[in-house]
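Chemist: From the sequence below, what's the structure:
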Amino acid sequence: MIRAYHVDGKAEIIQAAEPRDALEADILWLDLIHPDLAEEALVERLLGIPLPTREDLKDIEPSSRLYVEDGGIYMTASLVWRAENPLAELTDVAFILAGNRLVTIRYAEPRAFALFSAALLRTHGKCRTGAELMARLLETIVDRTAEVLEIGIARLDELSATVFVDRKAAKRRPPRFLEDKLIDIAGHHRLVSKARDSLVSLSRLVVFLRSLPKVREDQEAEELCSVIAHDIQSLSEHAAFVSNNITFLLDASLGLINVEQNAIIKIFSIASVVFLPPTLVASIYGMNFQFMPELAWTHGYAIALVAMLLSAIIPFLFFRWKGWL
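Modeler: Coordinates of the predicted model:
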């Protein structure tokens, strides 16, 4: 799908089958969402520049993500999406400055784009150049990344409150409670890690963008990029702090698990010590009597087997009920 945004904030959908020889002069932004070959060919013909393919966006080399070619400025950044889901992901988005227009190519729908397009429709005529429009879009993306970090912090605080409780509350926990929380900690770490990777990608993009003469000549875009660079640096430091907190929570959870396991082993050790003397006495004297009435029982052997089986099953069920296994 090709969504076109005009300077006055009006938006329209451009169909690949439409007979169109040129774009309107007031179209400032072309947003390509899951474009097919026909839509890519149409935009390439209208703009006169080649578009990167989906495979090109996955290239991690800086020379393949930030470059100038055929009059177009090509930039690729990795953005966080599906932050509300347990498994956050990164998606690669291409930003292209072609003349005075911004072209974006994406195969996912990060929430920052929906927020920015909605704001763009409300603020008619606020952006006059493609460089300024891209700077404001990057500003929204960075704000959304900050929101993702806040989501991770809120989840981490909630998880920390459930892990660190008093002894009475800890005793009421179901078995393997802390082991299950390790999976939640891994999910929070993944979210923060994806946010940090996105910030690194955005930092490289902003540095490249600020080095362009087109941006340096645009005072509004230059000031926005300066603010964005400062915000990215602050968020990167904050993400590192959150990552350290996650590491602490992981270490603390593992420590609590070890404490609980040591307590269970202590109980088993005490039980072994308690029953060891009777076992020793039975082994020495139990089979050395001349008369044993049980030997004459018709079903004595079967009864002995059942007694041995019950003596193994009953302690196992008891330990399982106490949550020691």
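
Chemist: where along this structure do the strands fall?
Modeler: Using DSSP state E, the strands of the chain run over 2-6, 11-14, 27-33, 66-69, 72-81, 89-98, 101-106.

Chemist: These: lowest mean pLDDT?
Modeler: Lowest mean pLDDT within the strands of the chain: strand 11-14, at a mean of 80.

Chemist: Tell me how many other residues crowd the nearest residue to residue 140 once chain neighbours are set aside.
Modeler: Using CB to CB, 6 or more residues apart in numbering and skipping the chain neighbours, the partner closest in space to residue 140 is residue 116 (4.2 Å). To be clear about C-beta, it is placed using only N, CA and C from the backbone, and glycine gets the same treatment. Neighbourhood size, residue 116 [other CB atoms under 10 Å]: 23.

Chemist: Helices of this protein, residue ranges please.
Modeler: 37-47, 54-57, 62-65, 111-122, 130-163, 167-171, 177-210, 213-216, 219-285, 300-321 (DSSP state H).

Chemist: you'd agree residue 243 is up against residue 194?
Modeler: No: between residue 243 and residue 194 there is no contact under CB atoms under 8 Å: 11.5 Å.

Chemist: higher neighbour count, those two?
Modeler: With neighbours defined as other CB under 10 Å, residue 243 and residue 194 compare such that residue 194 has more, 23 against 17.

Chemist: right, and that one touches residue 91 too?
Modeler: No: counting by CB under 8 Å, residue 194 does not reach residue 91; the two are 10.1 Å apart.

Chemist: and the closest residue to residue 153 other than its chain neighbours, how many neighbours?
Modeler: Leaving out its chain neighbours, the residue that sits closest to residue 153 by CB to CB, 6+ apart is residue 242, at 6.0 Å. Here the number of neighbours of residue 242 (other CB under 10 Å) works out to 21.

Chemist: How much space separates residue 242 from residue 158?
Modeler: 14 Å (CB to CB, to the nearest Å).

Chemist: Then residue 266?
Modeler: 32 Å.

Chemist: repeat for residue 73
Modeler: Taken as CB to CB, the span from residue 73 to residue 158 is 43 Å.

Chemist: next one: residue 181
Modeler: 11 Å.

Chemist: Would you confirm that residue 260 contacts residue 176?
Modeler: No: Residue 260 lies out of contact with residue 176 (CB under 8 Å); the separation is 9.9 Å.

Chemist: more crowded one of those two?
Modeler: Higher neighbour count among residue 260 and residue 176: residue 260, with 19 against 13, using other CB under 10 Å.

Chemist: What sits closest to the more buried one if chain neighbours are left out?
Modeler: Per CB to CB, 6+ apart, closest to residue 260 is residue 178, 7.2 Å.

Chemist: same deal with residue 226?
Modeler: Going by CB to CB, 6+ apart, residue 226 has residue 210 as its nearest residue, at 7.5 Å.

Chemist: if we can go back for a sec, who's in contact with the residue nearest to residue 260?
Modeler: Going by CB atoms under 8 Å, 6 or more residues apart in numbering, residue 178 touches 163, 253, 256, 257, 260.

Chemist: please redo it, this time with the cut-off set to 6 Å
Modeler: Going by CB atoms under 6 Å, 6 or more residues apart in numbering, residue 178 touches 253, 256, 257.

Chemist: quick one, what contacts the residue nearest to the spatial centre of the chain?
Modeler: Among the residues of the chain, the one closest to the centroid is residue 191, at 2.6 Å (CA atoms, centre = their mean). Neighbour list for residue 191: 88, 152 [criterion: CB under 6 Å, 6+ apart].

Chemist: same thing but at 8 Å, please
Modeler: Residue 191 neighbours (CB under 8 Å, 6+ apart): 80, 83, 88, 148, 151, 152, 155.

Chemist: And for residue 84?
Modeler: Contacts of residue 84 by CB under 8 Å, 6+ apart are residue 151.

Chemist: separation between it and residue 194?
Modeler: 13 Å.

Chemist: ditto for residue 269
Modeler: Here the criterion is CB to CB. By it, residue 269 lies 45 Å from residue 194.

Chemist: for residue 131, same thing?
Modeler: Going from residue 131 to residue 194 by CB to CB gives 28 Å.

Chemist: Good, wrapping up.
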